[in-house]
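J.: return atomic coordinates for the entry below.
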Amino acid sequence: METVQLNITGGVAWITLNRPEALNAWTREMGEDLRSALEHAAENPEARVIALTGAGRAFSSGADLKAGSERGQDGKPDVLTPLRETYNPLILLVRTIPKPVVAAVNGPAVGIGCSLALAADLIVAAESAYFLLAFVNIGLALDGGSSAFLPARLGHARAFELAYLGERLPATKALEWGLVNRVVPDAELESEVATLTAKLAAGPPGSYASIKRSINDQLYPRIEQQLDDEALLQQERAGSDDFVEGVLAFMQKRSPTFTGN
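T.: You can find the predicted model right below:
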């Protein structure tokens, strides 16, 4: 794997998004590498806990808009295929792996990168980190399961605030809102997560699997269908003029002018 690193030590599978030069922006290749790493960690009995983090100064800046997008037969962007074939299966895997999953958010967690962090069981963030659901800023809908994870973690009011306004949520405020479990100084993130995952790795795997399954049954009983619903809505938005305008504005570093088309 070129875009993801996997290291299993002390009962912990450390999975690191490894495109630091692009702030760990997602490409189809990175999605496939991440899914492979997760599947390996899920099947490996030596991995009793999974920790997700990013190389460099970002957790993930979201989809790599500069890499372009796949195109359908009609010439319009095809986001449905990569969501269904790559991204949604790996998000579902994070939620259903019968092992604790901890997100170590070392910097910006944006778009699908934010969704990945929200899919984890526990989130530990560095003080400099922030969370941003930037979909609305380029005329898109939510994806990566965030339409399920946001209300489950935050409730109605704050879920809509994050989704509608597309503004950064600093780590300290994310802790205040209950989005994350812990916030620590940047220099202490790795040691904090190492201590937390070591404690989990020494615990009873069967208990964790049962706890995760019962909480999933309560909070996310239709997560697989929700992911597909998001993908279909996202495909609708990807074919809109507003999405084209949103991406152009992003590339040109200006404010977009949305028309509703």
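J.: what's the pLDDT at residue 66?
T.: As summarised for this prediction, residue 66 has a pLDDT of 74.
J.: check contacts around it.
T.: Residue 66 sits next to 22, 25, 251 when contact means CB atoms under 8 Å, 6 or more residues apart in numbering. Using the backbone N, CA and C atoms, a C-beta is placed for each residue, glycine as well.
J.: whichever of the residues you listed end up buried, select them in PyMOL.
T.: Here is the PyMOL selection string for the buried members of the contacts of residue 66, based on 16 or more other CB atoms under 10 Å:
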select buried, resi 22+25
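J.: could you dump the contacts of residue 66 to JSON lines with distance to residue 91, secondary structure and pLDDT?
T.: Formatted as JSON lines, these follow (distance: CB to CB, whole Å; DSSP: H, G, I helix; E, B strand; the rest coil; pLDDT from 0 to 100):
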{"residue": "22", "distance to residue 91": "20", "secondary structure": "helix", "pLDDT": "96"}
{"residue": "25", "distance to residue 91": "17", "secondary structure": "coil", "pLDDT": "96"}
{"residue": "251", "distance to residue 91": "27", "secondary structure": "helix", "pLDDT": "89"}
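J.: quick check: residue 254 is in a helix.
T.: No. Inclusion of residue 254 in a helix is not indicated when DSSP: H, G, I helix; E, B strand; the rest coil is applied; the result is coil.
J.: ok so residue 123 is a strand residue?
T.: Yes. According to three-state DSSP, residue 123 belongs to a strand.
J.: with adjacent residues omitted, what lies nearest to it?
T.: Among residues not flanking residue 123 along the chain, residue 180 sits closest, at 4.1 Å (CB to CB, 6 or more residues apart in numbering).
J.: equivalent analysis for residue 243, please.
T.: Closest to residue 243 by CB to CB, 6+ apart is residue 139, at 4.3 Å.
J.: do the same with residue 53
T.: Closest to residue 53 by CB to CB, 6+ apart is residue 104, at 4.0 Å.
J.: is that neighbour in a helix, a strand, or coil?
T.: From three-state DSSP, the assignment for residue 104 is strand.
J.: what's the pLDDT at it?
T.: Listed pLDDT for residue 104 reads 98.
J.: now do the contacts for it.
T.: Residue 104 sits next to 51-53, 59, 124, 189-190, 193 when contact means CB under 8 Å, 6+ apart.
J.: inside helices: which ones of the residues you listed?
T.: 189-190, 193 (DSSP state H).
J.: now flag whichever of those is closest to residue 8.
T.: residue 193 (15.0 Å; CB to CB).
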